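Participant: give me a 3D structure for the following:
(one chain, ligands or ions: 1)
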Amino acid sequence: MRPDTLQDYIGQSRAVGQETLLRSLLETNEIPSLILWGPPGCGKTTLAHIIANNSKKHSIRFVTLSATNAKTNDVRDVIKQAQNEKSFFKRKTILFIDEIHRFNKSQQDTFLPHVECGTITLIGATTENPSFQVNAALLSRCRVIVLEKLPVEAMVTILMRAINSLGIHVLDSSRPTDPLSHSSNSSSEPSVFIEDKAVDTLAYLSDGDARTGLNGLQLAVLARLSSRKMFCKKSGQTYSPSRVLITENDVKEGLQRSHILYDRAGEEHYNCISALHKSMRGSDQNASLYWLARMLEGGEDPLYVARRLVRFASEDIGLADPSALTQAVAAYQGCHFIGMPECEVLLAQCVVYFARAPKSIEVYSAYNNVKACLRNHQGPLPPVPLHLRNAPTRLMKDLGYGKGYKYNPMYSEPVDQEYLPEELRGVDFFKQRRC
Ligand SMILES: Nc1ncnc2c1ncn2[C@@H]1O[C@H](COP(=O)(O)OP(=O)(O)OP(=O)(O)O)[C@@H](O)[C@H]1O
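Facilitator: Residues are numbered from 1 along each chain as shown. As a prediction, this is how the structure comes out:
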């Protein structure tokens, strides 16, 4: 399904249209180092694949690594090989790094000098803003190509191409016929039909992501084919019709999971957890459930959400309802035991509990005040008052350790005794910050 040439690459005319610099560079095979930036499924890897195809014709090596699983050593190996190829055979190497934003800054530094001296031409693909995710020095040596979400018309073209190559027939809704009523099909393979409005809906709901659209189509076809066996009431037997129709509902179902835009490692992950946290803090149970579901349906790790809930229990509910922390820890353990999808309801229960719970940031704020006080302290920290120190040896006792300490259980009330270092006397972290 992946196009091999620019002629088959749909849309993205701003980046690789007829009059663009990139197209002329590609045509003359003068590939500069590039960062391909665009949303998921818009064709970054496909464009790299087309460049690879083109380069191979010109005996340029094309090596692919994915930053999700490649180690720094893998990059070093590629560079070493590229150096050999360059010096012994005068062969150029293009290194394609998918999801380059997943490499940390020091990993990105590994290839900087080699890009600079031309040992490798780097092509990085990223869904994240390269200004934040790619080293400034590396970025300045690359041309950034911005790819856009594919428009609906481009999606229709991509889907139609897949539909044709799979031998699926498109049913024209303006001419209503029942494809299932047509007479027999001699082949053992069923004829597959798809409603034209199902194609349009798929193109529309894929939200500019060709992978989502193609996966949705594939899932709809597979689901229809596997449920092809029908039960005949008259004969009491099952039979397989020779024609199968994919409807708008089938593609919606196929898309249900895959169309949710959620990037587990990228910005969307932080946006959604922040929205969940804020919705619970604002006691909006409805929105809280929405953000939770959006993360879980998008494939978020339930334990990650559970850990954030443990934090929320103390940061935002605190002593207004101390059992919130127990709830969160129990939800975490429950998720650990049973995993997805069963654990989703545990998290939902906890999220609603938290949204409804009274809130208090008293402890959280006071603790922050203490931390600020310690961090801003000038000079050595004050010593622990002698009367609060243990005196396990005679010498310590002689030095005054533990002297005058009032053992509270001997008294009926909290005793009047100083527990803070002398220079902090009178400070109340619950009321003020003092540093
Ligand atoms: N512009 C396009 N023209 C034709 N097909 C495309 C185009 N964009 C994407 N596709 C198809 O969609 C599928 C996914 O595209 P691709 O892997 O290039 O996306 P991507 O931008 O690299 O996504 P991701 O960031 O999620 O890795 C490919 O199989 C390809 O066939």
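Participant: and the residue in the stretch 301-435 of the chain positioned nearest to the ligand, how far is that from residue 307?
Facilitator: In the stretch 301-435 of the chain, the residue that lies nearest the ligand is residue 301 (18.7 Å; CB to the nearest ligand atom). Using the backbone N, CA and C atoms, a C-beta is placed for each residue, glycine as well. In this view, residue 301 and residue 307 are 9 Å apart by CB to CB, to the nearest Å.
Participant: and residue 55, by the same measure?
Facilitator: Residue 55 sits 45 Å away from residue 307, going by CB to CB.
Participant: which residue does the stretch 1-150 of the chain bring closest to the ligand?
Facilitator: With CB to the nearest ligand atom, the shortest gap between the stretch 1-150 of the chain and the ligand falls at residue 43, namely 2.7 Å.
Participant: number of residues surrounding that residue?
Facilitator: Counted with other CB atoms under 10 Å, residues neighbouring residue 43 total 28.
Participant: just to revisit the earlier point, which of residue 55 and residue 307 has more neighbours?
Facilitator: residue 55 (19 against 14).
Participant: mind listing what that one touches?
Facilitator: Counting by CB atoms under 8 Å, 6 or more residues apart in numbering, residue 55 makes contact with 29, 31, 61-62, 92, 94.
Participant: pull out the buried residues from those residues.
Facilitator: For the contacts of residue 55, a neighbour count by 16 or more other CB atoms under 10 Å gives the buried set as 31, 61-62, 92, 94.
Participant: does the residue nearest to residue 17 when sequence neighbours are not counted lie in a helix or a strand, and which?
Facilitator: Nearest residue to residue 17, sequence neighbours excluded (CB to CB, 6 or more residues apart in numbering): residue 23, at 6.8 Å. Using DSSP states H and E, residue 23 falls within helix 21-27.
Participant: show the subsequent helix or strand relative to that helix.
Facilitator: Under the assignment DSSP H and E, the closest C-terminal helix or strand after helix 21-27 is strand 34-37.
Participant: any regions of the stretch 51-200 of the chain where pLDDT drops low?
Facilitator: Across the stretch 51-200 of the chain, the ranges flagged by pLDDT under 70 are 175-189.
Participant: how about the strands in it?
Facilitator: For the stretch 51-200 of the chain, the strands defined by DSSP state E, counting those that start in this stretch cover 61-66, 93-98, 120-126, 143-146, 169-171, 191-195.
Participant: what does the pLDDT read for residue 212?
Facilitator: At residue 212, the pLDDT value in this model is 88.
Participant: pretty sure it contacts residue 204?
Facilitator: No: counting by CB atoms under 8 Å, residue 212 stays clear of residue 204, with 11.6 Å between them.
Participant: quick one: which of the two has more around it?
Facilitator: Between residue 212 and residue 204, counted using other CB under 10 Å, the more crowded position is residue 212 (23 against 12).
Participant: would you indicate which residues of the strand or helix carrying the more buried one are buried?
Facilitator: Here residue 212, judged by DSSP H and E, is contained in helix 210-226. For helix 210-226, burial by neighbour count (16+ other CB under 10 Å) applies to 210-217, 219-221, 224.
Participant: can you tell me which two in those residues are farthest apart?
Facilitator: Within those, 210 and 224 form the most distant pair, 21.3 Å apart (CB to CB).
Participant: near the ligand, which residues of the protein show up?
Facilitator: Contacts of the chain with the ligand, taken as CB under 6 Å from any ligand atom, map to 1-3, 9-12, 38, 40-46, 125, 127, 158, 210-211, 214.
Participant: residue ranges for the helices of the stretch 101-250 of the chain, please.
Facilitator: Per DSSP state H, counting those that start in this stretch, the stretch 101-250 of the chain carries helices over the ranges 105-116, 130-133, 136-139, 152-165, 196-205, 210-226, 248-258.
Participant: and the stretch 301-435 of the chain, by the same measure?
Facilitator: For the stretch 301-435 of the chain, applying DSSP H, counting those that start in this stretch gives helices covering 302-312, 323-338, 344-356, 362-376, 394-398.
Participant: list the buried residues in the fourth one.
Facilitator: By that I understand helix 362-376. Buried residues in helix 362-376 (16+ other CB under 10 Å): 363, 365-367, 369.
Participant: over to the longest one?
Facilitator: Buried residues in helix 323-338, defined by neighbour count with 16+ other CB under 10 Å: 324-325, 327-328, 331-332, 334-335.
Participant: tell me the bridge partners for residue 98.
Facilitator: Note on residue 98: beta-bridge partners by DSSP bridges are residue 66.
Participant: just give me the neighbour total for it.
Facilitator: Count around residue 98 with other CB under 10 Å applied: 20.
Participant: centre of the chain to stretch 41-52, how far?
Facilitator: 20 Å (CA atoms, centre = their mean, to the nearest Å).
Participant: what about the spatially closest residue to residue 356 that is not a sequence neighbour, neighbour count?
Facilitator: Closest residue to residue 356 apart from its sequence neighbours, by CB to CB, 6+ apart: residue 285 at 6.1 Å. When counting by other CB under 10 Å, one arrives at 17 neighbours for residue 285.
Participant: test my guess that residue 285 contacts residue 355.
Facilitator: Yes: in this structure residue 285 lies within contact range of residue 355 using CB under 8 Å: 3.9 Å.
Participant: from residue 120, how far out is the nearest residue to residue 116 once chain neighbours are set aside?
Facilitator: Leaving out its chain neighbours, the residue that sits closest to residue 116 by CB to CB, 6+ apart is residue 141, at 6.2 Å. Per CB to CB, residue 141 is found 11 Å from residue 120.
Participant: and these two? which has more neighbours close in?
Facilitator: Using other CB under 10 Å as the criterion, residue 141 and residue 120 rank with residue 120 on top: 24 against 15.
Participant: if I pick the more buried one, what's in contact with it?
Facilitator: Per CB under 8 Å, 6+ apart, neighbours of residue 120: 78-79, 82, 93-95, 111, 114.
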